[in-house]
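Asks: Could you work out the structure for the sequence below:
(one chain, ligands or ions: 2)
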Amino acid sequence: GSATSLNTYESDYEADPADNTNINVVVRVRPLNSKEVKTGDEMITHFPGNGQIWLEPVTPKEKPKTFTYNVVFEPEASQEDVLNHSGVKRLIDMAIDGFSCTVFCYGQTGSGKTHTLTGPPHLFEKNPDPFASEHGLVFRSFLYLFDQIQNRNDFHFVLKASFLEIYNEKVIDLLNTSRKPLAVRWSKKSRGFFVENLFMVECEEFDDLLAVLEEGMRNRAVGRHNMNEYSSRSHTILTVHITSEQKASEQGVFISRHGKLNFVDLAGSEMTKKTHSEGKTLEEANNINKSLMVLGYCIASLSDLKKKSGHIPYRDSKLTKLLADSLAGNGVTLMIACISPAKSNMSETLNTLRYAARAKRIKTKPVVVMDPREALIVSLKREVGALREENMQL
Ligand code: ADP
Ligand code: MG
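Replies: Numbering: from 1, shown residues only. Ligands and ions are numbered 1, 2, ... in the order given. Reported below is the predicted structural model:
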């Protein structure tokens, strides 16, 4: 990244993870594309620094609109910059420690969501060059994840990965070429939603995770041949499950934790509007992108500070069911809002920036996911220890 693009980075990820924390929201602005350059489309995005972005008024009557986020990435920002300044490393650290963590990219089709998460598709057509500068956040996060785990001597780690797609409210396993829709069910034991019969690949090393990413990207491309708009209408979720067991016992108990790291590439945000405007029957419209609409409702309800205990409609879509534990307040979430800098995209860009501003108000209280019985024993033993200490001081 150039020195100028670094001006706008303002990291505030120091917050105590045990405390209530807001969802982290960053914005990434892609460069003008060749078509926009050719047609003389103008850049209306400006970067005053300190996590701010302002949009130039399109008509003289309008006022310039300024928004503030945790970080704003200018068009010159590199994939490496996004890894280092988005706060994703903190999320990975927390997933290793047993939290449910989610990174999701939101934005209109063509705004750079897939570029940000995975990089251009040609990377996955043949053996990817591990040093390609275009590798996205997922590839870079995997490298960071293994690096961190290798430095840990206190826990033994087992990683498993899955990769799915939600299209038309159907969940498809991207690691299984049959493309048979799978059911989302509720698990009483782990108190969460899960996809039944979803393929989980145990990953002992970086190359195993990379193979999952490549296989899923290839299968996603296969689905796309059938229909033009497939990729703009589908959501993908790549999940790394991180189970860790303590090597030495703490007061007689070996703690095991179940962290999770989700990377979510959402359908194009313009889809919610199409859903309303294409004159479809309600059911058809619902199916175009129910998940994206429900995510919007969930974010709106969660961010409504006046409502104390409003109903959050997680159960109304496949996507929100699967992300409930990250959004519901026990997880840690990073939203990357992707936008175009071009004047011609002004109204979609404004929608995305407003959506992102709303998401920023959501507070979560992350908790470590561990075996409930063990968690109770550990907390009781800690309490006993503290009481003993108090007694000794008396
Ligand atoms: P989306 O997934 O949001 O529909 P893509 O990630 O496919 O959008 O991006 C659309 C096009 O713009 C792609 O050709 C992609 O390579 C390019 N692009 C997006 N973001 C960037 C960026 N930050 N730098 C360079 N090219 C980008
Ligand atoms: Mg895409």
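Asks: make it CA atoms for all contacts and neighbour counts henceforth
Replies: Will do.
Asks: quick one: contacts of stretch 188-206?
Replies: Contact with stretch 188-206 is made by 142-143, 146, 158-162, 173, 175-176, 182-187, 208-209, 212, 321-322, 324-325, as judged by Cα atoms under 8 Å, 6 or more residues apart in numbering.
Asks: Pull the number of nearby residues for the closest residue to Val58 other than its chain neighbours.
Replies: Sequence neighbours aside, Lys343 is the residue nearest to Val58 in space, at 7.4 Å (criterion: Cα to Cα, 6 or more residues apart in numbering). A count of nearby residues for Lys343, using other Cα atoms under 10 Å, gives 19.
Asks: For Lys343, which residues are in contact?
Replies: So Lys343 contacts 41-44, 58 (Cα under 8 Å, 6+ apart).
Asks: Got the confidence number for Cys298?
Replies: In this model, Cys298 is scored at 84, pLDDT.
Asks: What helix or strand is it located in?
Replies: helix 282-303 (DSSP states H and E).
Asks: Show me what secondary structure element comes after that helix.
Replies: helix 318-327.
Asks: ok, the residue most central in space within the chain to ligand 1 distance?
Replies: Nearest to the geometric centre of the chain sits Val103, at 1.6 Å (Cα atoms, centre = their mean). As judged by Cα to the nearest ligand atom, to the nearest Å, Val103 and ligand 1 stand 14 Å apart.
Asks: and if you look at Arg233?
Replies: 10 Å.
Asks: Quick check: that residue vs Lys290, distance?
Replies: As for Arg233, its distance to Lys290 is 10 Å (criterion: Cα to Cα, to the nearest Å).
Asks: Touching both of the two, which residues are there?
Replies: Joint contacts of Arg233 and Lys290 (Cα under 8 Å, 6+ apart) are Asn168.
Asks: Which of those two has more residues huddled nearby?
Replies: Lys290 (24 against 21).
Asks: for the chain, what are the low-confidence residue spans?
Replies: 1-22, 127-128, 221-229, 250-251, 272-288, 305-310, 329-330, 364-379, 382, 394 (pLDDT under 70).
Asks: which element is Met271 on?
Replies: Using DSSP H and E, the element containing Met271 is helix 270-277.
Asks: which bits of the protein sit near ligand 1?
Replies: 30-31, 75, 108-115, 120 (Cα under 6 Å from any ligand atom).
Asks: Among those, which one has the most neighbours?
Replies: Greatest neighbour count in the residues of the chain next to ligand 1, by other Cα under 10 Å, goes to Lys113: 27 neighbours.
Asks: How far does stretch 43-55 sit from its chain's centre?
Replies: Averaging C-alpha positions (Cα atoms, centre = their mean, to the nearest Å) puts stretch 43-55 23 Å from its chain's average.
Asks: In that stretch, which residues are buried?
Replies: 43-45, 47, 49-53, 55 (16 or more other Cα atoms under 10 Å).
Asks: And for stretch 125-143?
Replies: 134-143.
Asks: So which of the residues you listed belong to strands?
Replies: Judged by DSSP state E, these include no members of strands.
Asks: Please, where are all the helices along the stretch 51-200 of the chain?
Replies: Ranges of helices in the stretch 51-200 of the chain, per DSSP state H, counting those that start in this stretch, are 79-85, 88-96, 113-117, 137-150.
Asks: Show the contacting residues for the nearest residue to Thr352 once chain neighbours are set aside.
Replies: Leaving aside its sequence neighbours, Thr352 sits nearest to Gly107 (Cα to Cα, 6+ apart; 6.0 Å). The neighbours of Gly107, taking Cα under 8 Å, 6+ apart as the test, are 113, 266, 268-270, 337-339, 349, 352.
Asks: Among the residues you listed, which pair sits farthest apart?
Replies: Largest separation among the contacts of Gly107 by Cα to Cα: Leu266 and Thr349, giving 15.7 Å.
Asks: Gly259: what's it in contact with?
Replies: 94-101, 241-243, 368-369.
Asks: can I get the residues you listed in CSV with neighbour count?
Replies: Below are the contacts of Gly259 laid out as CSV (neighbours: other Cα atoms under 10 Å):
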residue, neighbour count
Met94, 22
Ala95, 28
Ile96, 28
Asp97, 22
Gly98, 25
Phe99, 28
Ser100, 30
Cys101, 30
His241, 24
Ile242, 21
Thr243, 22
Val368, 19
Val369, 21
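Asks: Tell me the one among those nearest to ligand 1.
Replies: Cys101 (21.0 Å; Cα to the nearest ligand atom).
Asks: partners of the closest one in the sheet?
Replies: Leu261, Val332 (DSSP bridges).
Asks: who touches stretch 352-361?
Replies: If you take Cα under 8 Å, 6+ apart as the criterion, stretch 352-361 is touched by 22-25, 67-69, 106-108, 269, 299-300, 303-305, 335, 337-339.
Asks: Quick check on those residues: which are buried?
Replies: 22-25, 68-69, 106-108, 269, 299-300, 303-304, 335, 337-339.
Asks: In strands, which of these fall?
Replies: Counting by DSSP E, the buried ones among the contacts of stretch 352-361 place 22, 24-25, 68, 106, 335, 337-339 in strands.
Asks: Spatially, which two of the residues you listed are the most separated?
Replies: Asn22 and Ile339 (21.6 Å).
Asks: Would you quantify the distance from Ser234 to ligand 1?
Replies: In this view, Ser234 and ligand 1 are 10 Å apart by Cα to the nearest ligand atom.
Asks: roughly how far apart are that residue and Glu169?
Replies: From Ser234 to Glu169 the distance is 9 Å (Cα to Cα).
Asks: Of these two, give the one with the bigger neighbour count.
Replies: The neighbour count for Ser234 versus Glu169, taken as other Cα under 10 Å, is higher for Ser234 (24 against 19).
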